[in-house]
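Visitor: Give me coordinates for this.
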Amino acid sequence: MVVNKKLLFGLALLAVGSLIGLLLANRFQDRLPGGTARPAFGDVLAVGAETGLHRVFVRSTSGSVEFAPPADDGAPVDADFRPVTPGMFLGRRTLIRTGADSSTVLQFGNSATARIEPNTQLEVVGEAFRSGEVLVTLHVATGEVLARALDLGPHERLRILSPQAVTTIESGSLMVRSTSDDTGGSTRIAVADGVSRVLPGSVDPERLALIVGDRGFSRAAQGMQRRAGRVEEGNELLLGDGQIPDASQVLKEVQRQVERAAGAGELISRGELQRISAVMDFAGSSLDELRPRTEPISGTESTRIRGLREPDERTFAAASSGSHAPATVRIETDPSDAEIYLEGLPIGKRIYSALFLDDERPVFEVRRRGYESQRIAISFDEDRDQVVQVSLARMEPELSTQEFMEAAATGRVEAVQRYIETGGDVNAIEPDGLNALARALGLPAFARGRVGAFQPHTELIAALIEAGIEVRLPYYVDGRRFFALHLPVLASLAGADADLDLIRLLLGSGASVDSYLETEEMSVTPLGAAVIVGLESGAVDYELVELLLEHGADPNAGLVYERRVLDVLSAAVVMGAYTGHSDADLVRMLLRSGARRDLRFRIDGVIGTPLQFAERLELEEIAQVLRSELAVR
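Guide: So this is what the prediction gives:
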């Protein structure tokens, strides 16, 4: 980890100031502006707004959704969770979890709605302060949330907080997805319409300012919020652990001190507040150097996000008065994995429960690829708890498997879609072991050296992926093993018209970023290929390298190339020297992504670390980079 001197200075300033501030506070018992003590942490104060944003109720559920109050002594156990039911109002702090086939829609007063997608865990925190500000925060531990905001009041704030980002919904519709694995975590924010602001890190400075209630503190927090990146309509942003600025550690320490003092009912001196404000100004200035790149979202994704139902005043009034009991519709389907839709939005499988009004006539649709869809209109005049059995009729594929493969190879999108929609097996495999994805990518001609055979039809490939085609299937051509991801990577390195968006599409659909391309001469990962081929040609594709690293490519993966066994960092050093195209910037990229400098390999009869090889090969610039990185770790 690189030591940031400014960060150390900020943390030192924070620690020293904390001691001084506590002494002053205990001695003089300074009051905050206005002569009123701060509210206790997490307290919700009455603001007289019966329809305020913090009035959160459950609009609908699908499948098994559970809730629990947060435990004082840690995470709640399974016994603490209870089923979520439509029409119920949530407490000011409520944990919600959904299963693999379940989801729920929440409504926040008359202003916003949020759909909690399957396999999601989050905490809903509603807070209203004496200043009149109302703040609702969805703390997403893992999973996905769709949110839609309309006409937020001037003193209302809606945030979605993940480990990597604080997203402020100003207006419109967006999606926030938080994921984590052994290599770290990331947050994806996609805005379908409107504008949202994204602050890297997991600390909401404006919320701290609302707790404290000091003007100088508030100005510092507002300054940070203004520096937050804007994600415009039709774009998305991906933030990983490695993109969080060092200043976020300073903010976490500020948050810890403020929450500790608030929870204990302690007072903070004015001098301490001024010092913390200065620290926040320092942290905010680091955001000026951080401008994460946004990418356009697909039309399909935009439509899905926009499909979230708008907040409804009548439904809110019904929930508040308790005059309408939830209506339950149980739809039993054959086949059992058929999807149930309401107003064009997928709502789950088998069981859907929602708060309906007397005059509503919901129309459901049951769909399953390869089957005829059915529409069901429901009336609640007599029976508010209904069970409907639906049996879908199977369709016959319009194309044979051979015709499907030919359509994929020649880029006939409509023919492929007809085959899929009429129940054809998208994962059919031909006798040579290739599936439709391999045909669409140009195998086996590309594998046999015909670079021009790589002319992918991205729309067709996207349709195959959406239909569930296997993207991790190994392909064997003339004794060599390929995976789908290798083709666009190698085509890009070979100078073909390869689209990085296709690589992103494959990676986002589950393709293994560290899958090995194996031939008699080599065994390399996509990152290893990008490094070796880039150095041999004298033109490293930094955008491709960065893309692979962002998606978790292992910079310490072992490689075999020209009978040498080495890792990616050693390849960057040694191959750069052998080809005469040494690249210190490439070495820096790998180091910053976690490449280890202590691994030793035998290369051409010599055993050594990357630094030892750089010194032996007289690569002074690269050796200096390795020394400087080593010196601070």
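Visitor: tell me the contacts of residue 582?
Guide: Applying CB atoms under 8 Å, 6 or more residues apart in numbering, we find residue 582 in contact with 573, 576, 619, 621, 622. C-betas here are computed from N, CA, C, even on glycine.
Visitor: Was I right to think the third one contacts residue 577?
Guide: Spelled out, it's residue 619. Yes. Contact status for residue 619 versus residue 577: in contact at 5.8 Å, counting by CB atoms under 8 Å.
Visitor: between the two, which one's more packed in?
Guide: residue 619 (23 against 18; other CB atoms under 10 Å).
Visitor: buried sites along stretch 471-481?
Guide: 471, 473, 475, 477, 480, 481 (16 or more other CB atoms under 10 Å).
Visitor: wait, is the first one part of a helix?
Guide: No. Counting by DSSP: H, G, I helix; E, B strand; the rest coil, residue 471 is not part of a helix but coil.
Visitor: Name the nearest residue to it, sequence neighbours excluded.
Guide: Nearest non-adjacent residue to residue 471, counting by CB to CB, 6 or more residues apart in numbering: residue 511, 4.6 Å away.
Visitor: isn't the one you found right up against residue 472?
Guide: Yes. Residue 511 is within contact range of residue 472, at 6.5 Å (criterion: CB under 8 Å).
Visitor: anything in contact with each of the two?
Guide: The contact lists of residue 511 and residue 472 share 483, 484, where a contact means CB under 8 Å, 6+ apart.
Visitor: Phi and psi next, for residue 238.
Guide: phi -120, psi 120 (degrees, to the nearest 10).
Visitor: ranges for the strands of the stretch 151-300 of the chain?
Guide: 156-161, 165-181, 184-200, 229-231, 235-240, 294-296 (DSSP state E, counting those that start in this stretch).
Visitor: what angle separates the third one from strand 235-240?
Guide: For strand 184-200 and strand 235-240, the angle between their directions (axes from the mean of the first three to the mean of the last three CA atoms, to 10 degrees) works out to 120 degrees.
Visitor: Just give me how far strand 184-200 sits from the chain centre.
Guide: Averaging C-alpha positions (CA atoms, centre = their mean, to the nearest Å) puts strand 184-200 8 Å from its chain's average.
Visitor: Rounded mean pLDDT for it, please.
Guide: Averaged across strand 184-200, pLDDT comes to 88.
Visitor: and it, what other elements does it pack with?
Guide: The helices and strands touching strand 184-200, judged by 3 or more CB pairs under 8 Å, 6 or more residues apart in numbering; DSSP states H and E, are strand 165-181, helix 215-227, strand 229-231, strand 235-240, helix 299-306.
Visitor: if we can go back for a sec, ranking by neighbours, what's the top pick from the contacts of residue 582?
Guide: residue 573 (32 neighbours).
Visitor: Do you know the pLDDT at it?
Guide: 89.
Visitor: repeat for residue 140
Guide: Looking at residue 140, its pLDDT is 94.
Visitor: same check, this time on the one 5 residues further on
Guide: pLDDT for residue 145: 96.
Visitor: Thought residue 420 was touching residue 468, still the case?
Guide: No. At 9.2 Å, residue 468 does not count as touching residue 420 under the criterion of CB under 8 Å.
Visitor: what is in contact with these two at once?
Guide: Common contact partners of residue 468 and residue 420 (CB under 8 Å, 6+ apart): residue 426.
Visitor: on that earlier part again, quick one, phi/psi of the residue nearest to residue 471?
Guide: Per-residue torsions, residue 511: phi -60, psi 140 (degrees, to the nearest 10).
Visitor: Spell out the residue ranges of the strands in the stretch 1-150 of the chain.
Guide: Going by DSSP E, counting those that start in this stretch, the stretch 1-150 of the chain shows strands at 56-62, 65-68, 82-83, 93-98, 103-108, 112-116, 121-128, 134-149.
Visitor: And the ones you listed: which comes nearest residue 357?
Guide: Between residue 357 and these, the shortest gap by CB to CB is with strand 56-62, which sits at 11.8 Å.
Visitor: which helices and strands does that closest one pack with?
Guide: On a contact count with 3+ CB pairs under 8 Å, 6+ apart, strand 56-62 meets strand 103-108, helix 313-321, strand 345-348, strand 351-354.
Visitor: and the longest one, which residues are buried?
Guide: In other words, helix 313-321. In helix 313-321, counting by 16+ other CB under 10 Å, buried: 315, 316, 318, 319.
Visitor: Going by distance to residue 338, which of those wins?
Guide: The closest of the buried residues of helix 313-321 to residue 338 turns out to be residue 315 (CB to CB; 27.0 Å).
Visitor: Can you give me the pLDDT of that closest one?
Guide: On pLDDT, residue 315 comes in at 79.
Visitor: cool, and residue 108?
Guide: Residue 108 carries a pLDDT value of 90.
Visitor: Chain neighbours aside, what residue packs nearest to it?
Guide: Using CB to CB, 6+ apart, the closest residue to residue 108 is residue 53 (4.9 Å).
Visitor: likewise residue 430?
Guide: Counting by CB to CB, 6+ apart, residue 405 is the residue found nearest to residue 430 once chain neighbours are left out, at 6.1 Å.
Visitor: thinking again about what came up before, for the buried residues of helix 313-321, which one is nearest residue 93?
Guide: The shortest gap between residue 93 and any of the buried residues of helix 313-321 belongs to residue 319, at 19.6 Å (CB to CB).
Visitor: Residue 357 is in contact with that closest one, correct?
Guide: No. With contact defined as CB under 8 Å, residue 319 does not reach residue 357; the gap is 10.5 Å.
Visitor: Make a markdown table out of the contacts of residue 582 and add secondary structure and distance to residue 368.
Guide: Output for those, formatted as a markdown table (DSSP: H, G, I helix; E, B strand; the rest coil; distance: CB to CB, whole Å):
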| residue | secondary structure | distance to residue 368 |
| --- | --- | --- |
| 573 | helix | 54 |
| 576 | helix | 54 |
| 619 | coil | 60 |
| 621 | helix | 60 |
| 622 | helix | 57 |
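Visitor: can you redo those residues as CSV with distance to residue 294?
Guide: Below are those laid out as CSV (distance: CB to CB, whole Å):
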residue, distance to residue 294
573, 34
576, 33
619, 37
621, 33
622, 33
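Visitor: Okay, and residue 574 sits in which element?
Guide: helix 568-579 (DSSP states H and E).
Visitor: Three-state assignment for residue 364, please.
Guide: Going by three-state DSSP: residue 364 is strand.
Visitor: Could you look up the SS state of the closest residue to it other than its chain neighbours?
Guide: Spatial nearest neighbour of residue 364, excluding adjacent residues (CB to CB, 6+ apart): residue 376 at 4.8 Å. Under the three-state scheme (three-state DSSP), residue 376 adopts strand.
Visitor: Quick check: residue 376 vs residue 57, distance?
Guide: Residue 376 sits 26 Å away from residue 57, going by CB to CB, to the nearest Å.
Visitor: Between those two, point out the one with more neighbours.
Guide: Comparing residue 376 with residue 57 by other CB under 10 Å, the one with more neighbours is residue 57, at 19 against 15.
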